[in-house]
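[1] Predicted model and sequence below, questions to follow.
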Amino acid sequence: MLNADIHTPRGGGRGGGDDLLDAALQTPAIDTAPTFPPASSSYGDRAKIEDAYQMMEDGDDDQQGQAPDRGFTQSIASTVMTAEGLADPKGFWIICSVVLIGDMNRGVLFPIMWPLVEELGGNSVWLGYAVGAFSFGRIIASPSLGRWSIEKGYSTTLVTSTSVMLVGCILFAQVYSIGSLWFLIASQIILGIGSATLGVTRAYVAEITATRQRTTYIAWLTAVQYGGFTVTPIFGALFTYLLDGKRFQAGFFVLDQYSAAAYFMAFLCSIALFLLLTGFQARYRSKPAAKGKKSKARMEQDEVANRMTFLGITVYNAALLGCMLLNVSTKGSIGSFETMGVSFAESHFGLGAATAGLVVSINGMIGVCSLLSMGIIGRFLTDIQMIIGGITVCALGIISFATLQSVEMGAENALVHYVLGIFMIYGVGYPIGHTAVIGLFSKVVGRRPQGTLQGWFASAGSLARILFPVMSGYISEYDDITTVFIVLTVVLVISNVFVALSRNTLETLSK
């Protein structure tokens, strides 16, 4: 359970009155005094960072009386490189490296996964299970790692998870030699467990940043994560190109186009472990300070949060669940493309695994640039508008593939169509829409301890990466892959309808 700095409200406070859902989501309320840093936090020698925290609090105070923050208020490029808004810049960059390596395990292996499954005798259904296994590992580990980050500290949690990830990389390198699809799934599960720290890392960033700057830093962290699984397929494509049909063996050590990528990731995991053990300062929670008086704006926000919905839960808990469902729909859509992307490029455009991986990587780089530009976009659009706009662009890119026929049926689909569709999905739609969802969720949670809730949020995304790939595998195997695109579009349209109808409530709770 959580430490002593947390207490459960009785009929008052944000989210009180819905004991069942609070227990399920493990969302106890804490002191909501408008102070920063959270009174329940300490970071090494607190005296050494008091000035940094005061700088952030002063920045918040300067905003009083001005127009409310509209999403990503400042340009990431102009703020993230400074100490302003960060209690521990060095720790932030180490966290970024952990996030990058965690999702590189997904990205680097993207181009080789379908050829590997085929070599082992599997079909698109097995491919769906193999991709979903990674997320299955994440979903079973994310809540526990979120609690660990509160109970044992961030350092212990991240060192443990990265060590597990290193073991998973070594096991994946042996998959082709062993020749078992079940061993592939097992290694993917272990990799997923080791990289199930998205909730932990987001909670860490939320704790060391001022509220008004939080979405900006989370956007930067998301840019690193997004680059990890969309840009790095170029490494897997490179290994496939250089080692195609080649095999080098020295005892039990085997180097081929499949194991090379896994050994490369094992090396990067070792670097991450070194950084965590030598440069990352432990962070723990301490007892809270005296509770301060709530502001008028906070009381009005709590009044909205405590209203009961027709579902029998509070508006606050309904908003949390809604954000998690948005995470499911956006993550699930990209998860389906992660599963079927290479086979679709091959069957409908005649592209090889290396070429498909290269196209995704280039558009992934564009997506990272989109994330780094969200500070500018945020000057004109709110988080809600970015969510609706991003999901719309993503849906248009997906539905554009629904009318295509395969090469086997004599179709000659233009390569530019594939590139443009992937650009709308990977370059613009998903990175902007999904990152705005993450920022919105963090703001709705507010100044509660975010480790456990971010763990559940990450688990919701991992659940989507299990269900959607498996669904896509079955549909493409027994019907047609274009049917998958229709289903994904319908899911995204429903998501946009929810956001539009809940716009006022979400904006109130996220202030």
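    Ah, there it is. Every value quoted in this text rests on a predicted model; they were computed, and no experiment measured them. Residues are numbered from 1 along each chain as shown.
[2] how much distance is there from stretch 333-347 to the middle of the chain?
    19 Å (Cα atoms, centre = their mean, to the nearest Å).
[3] List the buried residues in it.
    333-347 (16 or more other Cβ atoms under 10 Å). Every C-beta, even on glycine, is put in place using the N, C-alpha and C of the backbone.
[4] out of those residues, which one sits closest to residue 251?
    Taking Cβ to Cβ as the measure, residue 251 lies nearest residue 342 of these, at 31.9 Å.
[5] Distance check, the closest residue to residue 241 other than its chain neighbours against residue 240.
    Leaving aside its sequence neighbours, residue 241 sits nearest to residue 354 (Cβ to Cβ, 6 or more residues apart in numbering; 5.0 Å). Using Cβ to Cβ, to the nearest Å, we find residue 354 at a distance of 5 Å from residue 240.
[6] Can you pull the residues that touch both of the two?
    Common contacts of residue 354 and residue 240 (Cβ atoms under 8 Å, 6 or more residues apart in numbering): residue 111.
[7] quick one: low-confidence parts of the stretch 351-500 of the chain?
    Across the stretch 351-500 of the chain, residues meeting the criterion (pLDDT under 70) sit at 446-452.
[8] in it, which spans are helices?
    Counting by DSSP state H, counting those that start in this stretch, one finds helices in the stretch 351-500 of the chain at the ranges 353-372, 374-377, 383-399, 415-422, 430-445, 451-478, 481-501.
[9] tell me what the longest one is packed against?
    Secondary-structure packing of helix 451-478 (3 or more Cβ pairs under 8 Å, 6 or more residues apart in numbering; DSSP states H and E): helix 19-25, helix 124-151, helix 198-207, helix 315-349, helix 430-445, helix 481-501.
[10] of these, which approaches residue 271 most closely?
    Judged by Cβ to Cβ, the one of the helices and strands packed on helix 451-478 that comes nearest to residue 271 is helix 198-207, at 16.6 Å.
[11] I'd like to know which elements that closest one is packed against.
    Applying 3+ Cβ pairs under 8 Å, 6+ apart, one finds that helix 198-207 contacts helix 89-107, helix 124-151, helix 154-172, helix 211-230, helix 430-445, helix 451-478.
[12] so which of the helices of the stretch 351-500 of the chain gets nearest residue 223?
    It is, among the helices of the stretch 351-500 of the chain and with distance given as Cβ to Cβ, helix 353-372, at 3.7 Å.
[13] tell me which residues in that closest one are buried?
    Using 16+ other Cβ under 10 Å as the test for burial, helix 353-372 gives 353-368, 370-372.
[14] What helices and strands are in contact with it?
    Using 3+ Cβ pairs under 8 Å, 6+ apart: helix 353-372 touches helix 76-79, helix 110-119, helix 211-230, helix 233-243, helix 315-349, helix 415-422, helix 430-445.
[15] and the ones you listed, which is most packed in?
    Stretch with highest mean neighbour count among those: helix 430-445 (a mean of 26; mean count of other Cβ atoms under 10 Å).
[16] and that helix, how far from the chain's centre?
    10 Å.
[17] so who does residue 149 touch?
    157, 199-200, 203-204, 451.
[18] about what we covered before: quick one: which of the helices of the stretch 351-500 of the chain is nearest residue 176?
    Closest to residue 176 of the helices of the stretch 351-500 of the chain, according to Cβ to Cβ: helix 353-372, at 14.9 Å.
[19] orientation of the closest one relative to helix 110-119 in degrees?
    Counting by axes from the mean of the first three to the mean of the last three Cα atoms, to 10 degrees, helix 353-372 lies at 150 degrees to helix 110-119.
[20] so what's the backbone phi/psi at residue 502?
    The phi/psi pair for residue 502 (degrees, to the nearest 10) reads phi -100, psi 10.
[21] my guess is it meets residue 323, correct?
    No: taking Cβ atoms under 8 Å as the definition, residue 502 is not a contact partner of residue 323, at 9.8 Å.
[22] Now for those two: what residues contact both?
    Both residue 502 and residue 323 lack any common contact, where contact means Cβ under 8 Å, 6+ apart.
[23] Residue 194 is in contact with residue 166, correct?
    Yes: in terms of Cβ under 8 Å, residue 166 counts as a neighbour of residue 194; the distance is 7.2 Å.
[24] re the thing from before, quick check: which of the helices and strands packed on helix 198-207 is nearest to residue 420?
    Among the helices and strands packed on helix 198-207, helix 430-445 comes nearest to residue 420, with 14.8 Å by Cβ to Cβ.
[25] so where is this structure shaky, pLDDT-wise?
    1-87, 210-215, 282-301, 304-305, 446-452.
[26] How much space separates residue 461 from residue 421?
    23 Å.
[27] circling back: do you know which of the helices and strands packed on helix 451-478 lies nearest residue 92?
    helix 198-207 (6.8 Å).
[28] Off-centre distance for the closest one?
    Distance, centroid of helix 198-207 to centroid of chain: 11 Å (Cα atoms, centre = their mean).
[29] Could I get the CA-only coordinates of it as PDB?
    C-alpha atoms of helix 198-207 as PDB (Å, rounded to 0.1, in the frame of the first residue of the first chain):
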ATOM      1  CA  LEU A 198       6.100   3.900 -18.500                       C
ATOM      2  CA  GLY A 199       3.900   4.600 -15.500                       C
ATOM      3  CA  VAL A 200       6.900   4.900 -13.300                       C
ATOM      4  CA  THR A 201       8.800   7.300 -15.500                       C
ATOM      5  CA  ARG A 202       5.800   9.500 -16.200                       C
ATOM      6  CA  ALA A 203       5.100   9.600 -12.400                       C
ATOM      7  CA  TYR A 204       8.700  10.600 -11.800                       C
ATOM      8  CA  VAL A 205       8.400  13.500 -14.400                       C
ATOM      9  CA  ALA A 206       5.100  14.600 -12.900                       C
ATOM     10  CA  GLU A 207       6.700  14.800  -9.400                       C
END
